[in-house]
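Visitor: Here you go, sequence then predicted model.
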Amino acid sequence: MRLAEGSTLLVTGGAGFIGANLADRLLARGCRVRVLDSLERPGVERNLDWLASRHGDRVEPVIADLCDPAAIARAVQGVAGAFHLAAQVAVTTSLADPARDFAVNLGGTFALLEALRRERPGAPLVFASTNKVYGDLADIAFHPGKDGYAPLDPALARHGVSEERSLDFHTPYGCSKGAADQYVLDYARSFGLPAAVMRMSCIYGERQMGTEDQGWVAHFLIRALAGEPLTLYGDGRQVRDVCDVADTCDAYIAALERIEAIAGRSFNWGGGPDNAVSLLTLIAEIGRINGEAPRVEFADWRAGDQRWFVADTRAADAALALPPRKGWRAGLRDLAAWLAAERRAAAAGTMRPAPSPERVS
Ligand SMILES: NC(=O)c1ccc[n+]([C@@H]2O[C@H](COP(=O)([O-])OP(=O)(O)OC[C@H]3O[C@@H](n4cnc5c(N)ncnc54)[C@H](O)[C@@H]3O)[C@@H](O)[C@H]2O)c1
């Protein structure tokens, strides 16, 4: 599919971190973007304001809940394609309120699939899934190396976890996202919906409202910039492959553009082995950037936490023909600079107020 100038694309969760970056890219390419978002993540209205200030009325905000099938059905009218990123995004929140997590992540995805099947058959969909579909990887033997956990299996250590790995949903969030991931793939199989799934590791970058519950790279930087202590759940040797949001947007757009070739497939997506870093190593780098080591407090491991997860991105790299990804140190530095500028703007009171978008019920 070619992204035609003037065509309308739906981005659910388009006010969120990844969604706003993706919407900005699509708008920069001349598309119109319908942003469906309930704005329930605190602060994301600023992202919508940012999009509107850059792209004017080519941004169509639809403030609605994914749990409202009638609103979803209206939101897909006339779209050339859809990116589905809206979600209840935190494992912690899913444990506190599994019913809402289920309704938003599985019910909302189902509503979108049905809306596309009935109203826009043939319109492609790219879905934001998660590496949590692979569970806690407790069967893999690790050694707790100086720079964090690493698998004993040399092939796994070199390449990361591939799509061949069995699904093993842990926590309500893992179950709701994993079930949604399977529904998307089955709508491709059963109904010919041109859809693909991106199972993501940790994405970081500009416009991330990182909190202790989700978006830990930005959260660590925000706390460190404010001179506040960081809490590490576990021993801090957990390893993640972190990926810059700009590279992630490249992958999503390439997935939509190549949907004819990749429909029905899922891809592991993250920074890959070159961007695998332990929490402690990343915190040390924050100390170098800020000129002062952050204060760190330790707490118990969290439910379902993986000791190590690194995505094997070879399938995505081959299918999507992507440029090399930004290295995590450079990305961290860029995010720190952006967050520092945001802090200065907030202190100076120069942040623009949020617009009042159309409310759909
Ligand atoms: N950021 C990551 O590292 C990461 C990793 C794996 C998967 N994901 C997935 O990527 C997607 C985007 O994540 P993000 O980091 O940009 O999160 P985000 O919280 O910044 O964005 C999600 C957006 O969805 C909106 N939303 C939440 N509930 C909604 C509802 N009921 N109806 C409509 N909108 C609703 C929020 O207001 C928010 O703007 C999510 O589906 C998430 O599960 C993210």
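Guide: Received, thanks. Predicted model only: the values in this text are computed from it and were never measured. Numbering: from 1, shown residues only.
Visitor: Every contact and neighbour count from this point should use C-alpha atoms.
Guide: OK.
Visitor: hey, where'd the strands end up in the stretch 251-361 of the chain?
Guide: Assigned by DSSP state E, counting those that start in this stretch, the stretch 251-361 of the chain shows strands spanning 266-269, 276-278, 296-299, 308-309.
Visitor: wait, which of the ones you listed is closest to Leu335?
Guide: Closest approach to Leu335 among the strands of the stretch 251-361 of the chain (C-alpha to C-alpha): strand 276-278, 16.2 Å.
Visitor: quick one: strands adjacent to that closest one?
Guide: strand 239-244 (antiparallel) (DSSP bridges).
Visitor: May I see the buried residues of the partner strand?
Guide: Using 16 or more other C-alpha atoms under 10 Å as the burial criterion, the residues of strand 239-244 that qualify are 239-244.
Visitor: could the residues you listed be laid out in JSON lines, adding pLDDT?
Guide: What follows is these, written out as JSON lines (pLDDT from 0 to 100):
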{"residue": "Val239", "pLDDT": "97"}
{"residue": "Arg240", "pLDDT": "97"}
{"residue": "Asp241", "pLDDT": "98"}
{"residue": "Val242", "pLDDT": "98"}
{"residue": "Cys243", "pLDDT": "98"}
{"residue": "Asp244", "pLDDT": "98"}
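Visitor: Need the residues that contact the lowest-mean-pLDDT helix or strand in the chain.
Guide: The helix or strand of the chain with the poorest confidence is strand 142-145; it has a mean of 88 (mean pLDDT, DSSP states H and E). Under the contact criterion C-alpha atoms under 8 Å, 6 or more residues apart in numbering, strand 142-145 has outside partners 149-152, 237.
Visitor: That one pairs with which strands?
Guide: strand 148-151 (antiparallel).
Visitor: residue contacts, the closest residue to Gly107 other than its chain neighbours?
Guide: The shortest distance from Gly107 to any residue other than its chain neighbours is 6.5 Å, reached at Cys67 (C-alpha to C-alpha, 6 or more residues apart in numbering). Residues near Cys67 by C-alpha under 8 Å, 6+ apart: 103-104, 107-108, 111.
Visitor: if we go to 7 Å?
Guide: Going by C-alpha atoms under 7 Å, 6 or more residues apart in numbering, Cys67 touches 103-104, 107-108.
Visitor: now do Phe191
Guide: Contacts of Phe191 by C-alpha under 7 Å, 6+ apart: none found.
Visitor: ok, 10 Å please
Guide: By C-alpha atoms under 10 Å, 6 or more residues apart in numbering, Phe191 lies in contact with 117, 121-122, 185.
Visitor: repeat for Ala157
Guide: 142, 150-151, 273, 308-310, 312.
Visitor: Mind doing that once more with 7 Å?
Guide: Contact analysis of Ala157 by C-alpha under 7 Å, 6+ apart lists 150-151.
Visitor: With the ligand as the reference, measure out to it.
Guide: To the ligand, Ala157 is 21 Å away according to C-alpha to the nearest ligand atom, to the nearest Å.
Visitor: chain center to the least confident helix or strand of the chain: distance?
Guide: 27 Å (C-alpha atoms, centre = their mean, to the nearest Å).
Visitor: what's the closest of the contacts of strand 142-145 to the ligand?
Guide: Closest approach to the ligand among those (C-alpha to the nearest ligand atom): Arg237, at 18.2 Å.
Visitor: Let me know whether that closest one touches Leu282 as I believe.
Guide: No: with contact defined as C-alpha atoms under 7 Å, Arg237 does not count as touching Leu282 (10.3 Å).
Visitor: What parts of the protein come near the ligand?
Guide: For the chain, the residues in contact with the ligand (C-alpha under 6 Å from any ligand atom) are 13, 15-19, 37-41, 44, 64-67, 85-89, 104, 128-130, 200-203, 215.
Visitor: Mind giving me the PyMOL select for those residues, buried ones only?
Guide: Of the residues of the chain next to the ligand, the buried ones go into a single PyMOL selection, burial set by 16+ other C-alpha under 10 Å:
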select buried, resi 13+15+16+17+18+19+37+38+39+40+41+44+64+65+66+67+85+86+87+88+89+104+128+129+130+200+201+202+203+215
